[in-house]
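# sequence and predicted structure are below.
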Amino acid sequence: MTPTPDAWHDAVLTAALVAIDPSGLGGVALRAGAGPDRERWLALLRAALPAAAPLRRVPHNTGDDGLLGGLDLPATLRVGRPIAQRGVLAEADGGVVLLAMAERVAPTTAARLAMVLDDGMVSLQRDGLALQLPARIGLVLLDEGLAEEERPPTALLDRLAFHVDLRGAAGRMVGPAPGTPATDAVTIAAARSRLATVQVASEFVEALCAAAMALGIASMRAPILALRAAAAMAALAGRVAVTAEDAAAAARLVLAPRATILPEAVPPDTTDPQQAEAPQADQHQSDPQQSDPARPDPAQSEPPETEPPGQPESAAETAADRPLVDIVLQAARAVLPADVLAHLRPAGSPGRPPARARSVGRAGAQQRSLRRGRPIGAQAGELRAGARLHLVETLKAAAPWQLLRGAPRGERIRLAVRRSDFRIVRFRHRSETLMIFAVDASGSSALHRLAEAKGAIELLLANCYVRRDKVALIAFRGRGADLLLAPTGALARAKRCLAGLPGGGGTPLAAGLDAAAVLADAAWRKGQTPVLTVLTDGRANVASDGSSDRVRAEADAIAAARRIRAAGFAVLLVDTAPRPDERTRRLGVELGASYLPLPRADAASLSQAVRAAARPAAASRPPGAARTI
């Protein structure tokens, strides 16, 4: 990425604005890898903050005790009553918190941080504690994501005024852009004391809201944060009221990174009657002193000698006569980079911009367990069925009650623990994924696309091998369906079984779907995550009882599809017909499946489709329409 000095200038200005109003602006989402550029920006922020303002750095996996605070166990055991311990958010009151590796922060941690940003305080209602501690903080998310889809949670990004990307910034540029206010510590301190007196006219509120709408920003927090940024800009420049320049800078720094649509280019302002009549007036008037000053003669390179000293230039007059919303919107549009413009849709075009694809590793759904996996906390429970005792949480539960419990019959004990105090460890792990391939090997399928269907399955099998998924193969032809390959992790065995699959006979589609559903249900009961991949042309002609009745066969297939949809299994339907048929599309709707016509299925699209279908599917997944890929 080519270094951009303007990006670094804006980053320097952003650090100064955050230092002026950290809690009001929320903070910064800083996208940059570990390196000199990021450390230089953090050093600028640290120098701009007041000397007494705390700056705390916390890892992304910090627990509730570290963030919000909790029970001080040693002090509680010593005095026999609950003693609170402040968390890092309460300790950073009036300062800034740096969250490392923010792209990996857990949703629960993001929710707690969002609550603190909204309320400006930490509420403790656990472990026998009921406290409210002030936590007026600014948050800096250190985003080190390598891929575009690796982003911090939206709940946090929406609450932070600035989204700064230092990957294209020129780190050698260490100062603000020419013409911008100074960002030294003395100037920032004066701006901090002046911020409360800055006045904001209603026209700037309307202009920023209109600019947010034109850029496709749905959140109401964005114009509010932009308004606070404009006030901080005015305070930094030593002004007591927000100007159009401040509003334009706020739109550039706050609104532009949030844009989802490309606003139309701002046309030249022709609404002024004097400017609209200027061409006709020029045709009848030859006196240059009576000409419109906003439309100078193109051949005239310098202002007239009769122009009074200190009068603004004609270009400045033209900009001043333009509507305020156009000035603000043009400032935001000017900083949209070319690669972002390619992904934004023009204003007024139908549909939404394409969402970024999620990165998918192991496809198994996350499940909770009491025996294995990653620890995710503790809960009250009994020590049975292999559950593990969480000693620290058990002591925390028992400590506040020691004075009430006392020592039985004068015995001297240090701690009285009862069964109700037991806390057991909770774990979370990813279940094993079973890819079930149900292949139509009937005569019609063999005549048309069976060979290509086998090739498609081989591509999917290779994808399953990379993710260490288990596979099973069901073929339906003739009068019923057969389990050719029981669930296994042997890719070579699956390929041999697939190569020897013959074709011919009728299409018992209902029998194939029922067999796949039975196998999927058995896998779900074992704790696996089943994913069904059905390859068929949809021309069912054999009913569930083996009779050759096309109408009844189609009805049985629809009924079997509805049962699979009600069970909530993830399904990928690959249409192997030479031309996509409406009956197969209807079958996909009844299955709630991702629909993929095989004529459009190359290796890349098949791989993407199976990853999309293999995402964790809960057993209670609501029915949905078929999704065409």
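That came in fine, so what should we check first? Residues are numbered from 1 along each chain as shown.

# only C-alpha atoms, please: export stretch 568-586 in CSV.
Extracted in CSV, the C-alpha atoms of stretch 568-586 (Å, rounded to 0.1, in the frame of the first residue of the first chain):
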residue,chain,number,x,y,z
GLY,A,568,-32.7,-27.4,11.2
PHE,A,569,-29.9,-29.1,9.4
ALA,A,570,-27.6,-27.1,7.1
VAL,A,571,-28.2,-28.2,3.5
LEU,A,572,-26.4,-27.4,0.2
LEU,A,573,-28.5,-28.4,-2.9
VAL,A,574,-26.5,-28.8,-6.1
ASP,A,575,-28.7,-28.9,-9.2
THR,A,576,-27.1,-31.4,-11.7
ALA,A,577,-29.7,-30.9,-14.5
PRO,A,578,-28.3,-29.5,-17.8
ARG,A,579,-30.5,-26.5,-17.2
PRO,A,580,-31.7,-25.3,-13.8
ASP,A,581,-35.3,-26.4,-13.3
GLU,A,582,-38.0,-24.7,-11.2
ARG,A,583,-38.8,-28.0,-9.5
THR,A,584,-35.3,-28.2,-8.1
ARG,A,585,-35.5,-24.6,-6.9
ARG,A,586,-38.8,-25.4,-5.2
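
# can you give me the buried ones in it?
568-577, 580, 583-586 (16 or more other C-beta atoms under 10 Å). (Glycine included, C-beta is placed from N, CA and C.)

# what's the farthest-apart pair in the residues you listed?
568 and 577 (27.2 Å; C-beta to C-beta).

# among the buried residues of stretch 568-586, name the ones in strands.
570, 571, 572, 573, 574, 575 (DSSP state E).

# can you tell me how far the first one sits from residue 535?
Counting by C-beta to C-beta, to the nearest Å, the gap from residue 570 to residue 535 is 16 Å.

# so who does residue 159 touch?
26, 114, 117, 118, 139, 221 (C-beta atoms under 8 Å, 6 or more residues apart in numbering).

# so can I have CSV of the residues you listed showing pLDDT?
Formatted as CSV, those follow (pLDDT from 0 to 100):
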residue, pLDDT
26, 92
114, 92
117, 92
118, 92
139, 93
221, 92
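
# quick check: the two most widely separated of these?
139 and 221 (13.8 Å).

# the more surrounded of these two?
Neighbours of residue 139 and residue 221, each counted by other C-beta atoms under 10 Å, are more numerous for residue 139; the result is 27 against 17.

# pretty sure residue 101 is touching residue 141, no?
No: using C-beta atoms under 8 Å, residue 101 is not in contact with residue 141, being 9.4 Å away.

# looking at the two, which is more packed in?
residue 141 (28 against 16).

# beta partners of the more buried one?
residue 29, residue 99 (DSSP bridges).

# and the pLDDT for it?
We note a pLDDT of 92 for residue 141 in this prediction.

# state the distance from the closest residue in space to residue 115 that isn't next to it in sequence to residue 41.
Using C-beta to C-beta, 6 or more residues apart in numbering and skipping residues adjacent in sequence, the residue nearest residue 115 is residue 123, 7.9 Å away. As judged by C-beta to C-beta, residue 123 and residue 41 stand 32 Å apart.

# comparing the two, which residue is more hemmed in?
residue 41 (23 against 14).

# domain map for the protein?
5-197, 208-265+317-349, 366-405+416-430, 433-628 (automatic domain parsing).

# with just CA atoms, put stretch 531-544 into CSV.
Taking C-alpha atoms only, stretch 531-544 is exported to CSV below (Å, rounded to 0.1, in the frame of the first residue of the first chain):
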residue,chain,number,x,y,z
VAL,A,531,-24.1,-30.8,6.9
LEU,A,532,-26.1,-32.3,4.0
THR,A,533,-25.0,-31.9,0.4
VAL,A,534,-27.6,-33.2,-2.0
LEU,A,535,-26.7,-33.6,-5.7
THR,A,536,-29.8,-34.2,-7.9
ASP,A,537,-31.6,-33.1,-11.0
GLY,A,538,-34.9,-33.0,-9.0
ARG,A,539,-36.8,-35.3,-11.3
ALA,A,540,-38.3,-37.6,-8.7
ASN,A,541,-40.3,-40.5,-10.2
VAL,A,542,-40.2,-43.2,-7.5
ALA,A,543,-42.3,-42.8,-4.4
SER,A,544,-41.3,-43.7,-0.8
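
# noted, bye for now.
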